[in-house]
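K.L.:
Model the structure of this input:
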Amino acid sequence: MFQKIQKVLNESFEGKTVKIRGWIYRKRDSGAISFIVIRDSTNIIQATVKKNEVDEKTWKNITEAYIETHVEVEGIVKKDERAPTGFELKVSKLKITSKSEPFPIAKDNSEEFLLDIRHLWLRSREQNAIMKIKSNIFKSIRNTFYKEGFVEVTPPIIVSSATEGGSTLFELDYFGKKAYLSQSSQLYLESLIFNLDKVFAITPSFRAEKSRTMRHLAEYWHVEPEAAYYDLDDMVDLAEKMLQNICKDVIKENSPELVALGRNPDYLKITATEKADRITYDEAIKLLQNKDVKINWGDDLGTEEERVLTQERKKPVFVMNYPKEIKAFYMKENPKNPKTVLGADCLAPEGYGEIIGGSQREDNYEKLIERIKTTGGKPEDYAWYLDLRKYGSVPHSGFGLGVERVVRWVCKLEHIRDTIPYPRTINRSYP
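P.N.:
Sure, this is the predicted structure:
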């Protein structure tokens, strides 16, 4: 019976004979001894092969084997502090099940080259750690929703109208009619709250933004809840709780992966245990102006402004009540200040910027029509959406969370392309 490597990295296995299988991760030959580091999905272990302890064919195969050759190994587990993971396997039997050609990835390959062979780069230990953390983040998000009584639903990906802005839509020919890839499931989720109260969806979203920043993807995974009877504060409370749970769960389940990526797990404890900061848009503008940022009331917060606001923070901050003119048509007007909306963006600390955007939705039929017109839309394109206000509308709120942006912050990654197996950006759709 084959064991996973992580399982045998334990004193209870010392002196025992085990069988493992995996890929050669590193290899060094020294005379009559070959040191090979084997990896599987769980971890790595150093295996020592001695020429006089294996048959001639096995020795020849192992000395000629390249990185990424797949092997099955049997040997005795020994504790050795010099080994990469503290244990070593004294090999008695070794079988090569699939030889590898010379592996094209070396230490100093360029980013573009690694993206061209992404299908091979995904085998890296870095990607192993990131994908495990991302999987746990998805699990944590779903668990938060289930505990709060939300129902998971499946909105469409092919849509007939924009949610955010027409200039960022991917257009397609849908049986002779114009259609688009979804920017957001929000409008469809709103239709479901009248039957289910609280719903959420986790779907891919698509933005045709010609952006080359380190935090933009053309295709990303989007977490979107929508809840009847929630106001803006309820929505922010839910988003805050979700981020707390994500950090708690990642610390609990993925601390080794965080350390491997250079992130101290203790850093995330602040978000896991403390409430996020909350400031108004007005306060954000004053903070930026005091830091000599050239910005006026009414301007949107871009990448640089968000970086300045968050680079010295150690936990997320919610910026509340943005100007109406820079936000989407569906956001509810702030009754205390009609120039603003009941919306909020959550900015991650350390300069990572926006990871969540949400609002209370406009539930008044006439005001919604007016907002669609003033933002350049046509009410007839949103006839079905307007029906939701005609037939028993209720106050409701929701938000959108970009999973890859959260992963980038949690893992302390420089570029968002490392958060997804096959990144789609302005200049890349291959492989």
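
K.L.:
can you pull out the helices in the stretch 201-350 of the chain?
P.N.:
Under the criterion DSSP state H, counting those that start in this stretch, helices of the stretch 201-350 of the chain are mapped to 232-260, 269-273, 281-290, 303-310.

K.L.:
Which elements pack onto the longest one?
P.N.:
Right, the one you point to is helix 232-260. helix 125-147, strand 219-228, helix 269-273, strand 317-320, strand 343-348, strand 353-360, strand 396-402, helix 403-411 (3 or more C-beta pairs under 8 Å, 6 or more residues apart in numbering; DSSP states H and E). Placement of C-beta: from N, CA and C, glycine included.

K.L.:
rerun that using 6 Å as the cut-off
P.N.:
helix 125-147, helix 269-273, strand 353-360, strand 396-402 (3 or more C-beta pairs under 6 Å, 6 or more residues apart in numbering; DSSP states H and E).

K.L.:
now for the ones you listed, which one comes closest to residue 216?
P.N.:
strand 396-402 (9.7 Å; C-beta to C-beta).

K.L.:
Show me which residues of the closest one are buried.
P.N.:
396-402 (16 or more other C-beta atoms under 10 Å).

K.L.:
Same check on stretch 317-333?
P.N.:
Neighbour-count burial for stretch 317-333 flags 317-324, 327-333 (criterion: 16+ other C-beta under 10 Å).

K.L.:
Let me see the mean pLDDT of it.
P.N.:
For stretch 317-333, mean pLDDT rounds to 97.

K.L.:
lowest-pLDDT helix or strand in this protein?
P.N.:
In the chain, no helix or strand scores lower on mean pLDDT, DSSP states H and E than helix 56-64, which sits at a mean of 89.

K.L.:
Name the residues of that one that are buried.
P.N.:
Neighbour counts over helix 56-64 (16+ other C-beta under 10 Å) mark 58-59, 61-62 as buried.

K.L.:
same check, this time on stretch 242-258
P.N.:
So for stretch 242-258, counting by 16+ other C-beta under 10 Å, buried means 242-251, 254, 257-258.

K.L.:
try stretch 126-135
P.N.:
126, 128-134.

K.L.:
Let me see the backbone angles for residue 311.
P.N.:
Backbone torsions of residue 311, given as degrees, to the nearest 10, read phi -60, psi -30.

K.L.:
what's the domain layout of the chain?
P.N.:
With domains defined by automatic domain parsing, the chain comprises 5-98, 118-419.

K.L.:
want to throw those into a markdown table with distance to residue 107?
P.N.:
Converted to a markdown table, the domains of the chain look like this (distance: least, C-beta to C-beta, whole Å):
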| stretch | distance to residue 107 |
| --- | --- |
| domain 5-98 | 12 |
| domain 118-419 | 12 |
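
K.L.:
what about the closest residue to residue 285 other than its chain neighbours, how many residues close to it?
P.N.:
Residue nearest to residue 285 in three dimensions, not counting chain neighbours: residue 297, with 5.4 Å by C-beta to C-beta, 6 or more residues apart in numbering. Residue 297: 11 surrounding residues under other C-beta atoms under 10 Å.

K.L.:
any idea how far residue 297 lies from residue 360?
P.N.:
Counting by C-beta to C-beta, to the nearest Å, the separation of residue 297 from residue 360 is 21 Å.

K.L.:
How about residues contacting stretch 370-380?
P.N.:
Contact partners of stretch 370-380, identified using C-beta atoms under 6 Å, 6 or more residues apart in numbering, comprise 329, 369, 382.

K.L.:
Among these, which lie within strands?
P.N.:
Secondary structure from DSSP state E places none of the contacts of stretch 370-380 in strands.

K.L.:
Going by distance to residue 85, which of the buried residues of stretch 317-333 wins?
P.N.:
Nearest to residue 85 out of the buried residues of stretch 317-333 is residue 317 (C-beta to C-beta; 38.6 Å).

K.L.:
still on that earlier bit, pretty sure the residue nearest to residue 285 is touching residue 284, no?
P.N.:
No - at 10.1 Å, residue 297 does not count as touching residue 284 under the criterion of C-beta atoms under 6 Å.

K.L.:
what residue of the chain is the furthest out?
P.N.:
Note on the chain: the largest C-alpha distance from the chain mean falls to residue 52, namely 48.9 Å (C-alpha atoms, centre = their mean).

K.L.:
ok, for that residue, nearest residue in space, not its chain neighbours?
P.N.:
Among residues not flanking residue 52 along the chain, residue 32 sits closest, at 6.7 Å (C-beta to C-beta, 6+ apart).

K.L.:
Residue 52 and residue 27, how far apart?
P.N.:
Residue 52 is 19 Å from residue 27, by C-beta to C-beta.

K.L.:
can you put the helices and strands packed on helix 232-260 in CSV and add distance to residue 94 and mean pLDDT?
P.N.:
Formatted as CSV, these follow (distance: least, C-beta to C-beta, whole Å; pLDDT from 0 to 100):
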stretch, distance to residue 94, mean pLDDT
helix 125-147, 22, 98
helix 269-273, 43, 98
strand 353-360, 47, 98
strand 396-402, 45, 98
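
K.L.:
so where is this protein shaky, pLDDT-wise?
P.N.:
For the chain, the stretches flagged by pLDDT under 70 are 163-166.

K.L.:
again, only this time at 90
P.N.:
The chain contains residues with pLDDT under 90 at 30-31, 55-58, 60-61, 63, 107, 160-168, 210-213, 381.

K.L.:
Looking at the buried residues of stretch 126-135, which is nearest residue 418?
P.N.:
Using C-beta to C-beta, those come closest to residue 418 at residue 130, 6.4 Å.

K.L.:
and the residue lying closest to the closest one once chain neighbours are set aside, how far is that from residue 290?
P.N.:
In space, and not counting its chain neighbours, residue 130 is closest to residue 411: 5.8 Å by C-beta to C-beta, 6+ apart. Residue 411 sits at a distance of 31 Å from residue 290 (criterion: C-beta to C-beta).

K.L.:
Identify all contacting residues around stretch 422-430.
P.N.:
Here stretch 422-430 has contacts from 118, 210, 218-219, 417, using C-beta under 6 Å, 6+ apart.

K.L.:
which two in the buried residues of stretch 317-333 are spaced the farthest apart?
P.N.:
317 and 329 (25.6 Å).

K.L.:
what about residue 79, how many neighbours?
P.N.:
Neighbourhood size, residue 79 [other C-beta under 10 Å]: 14.
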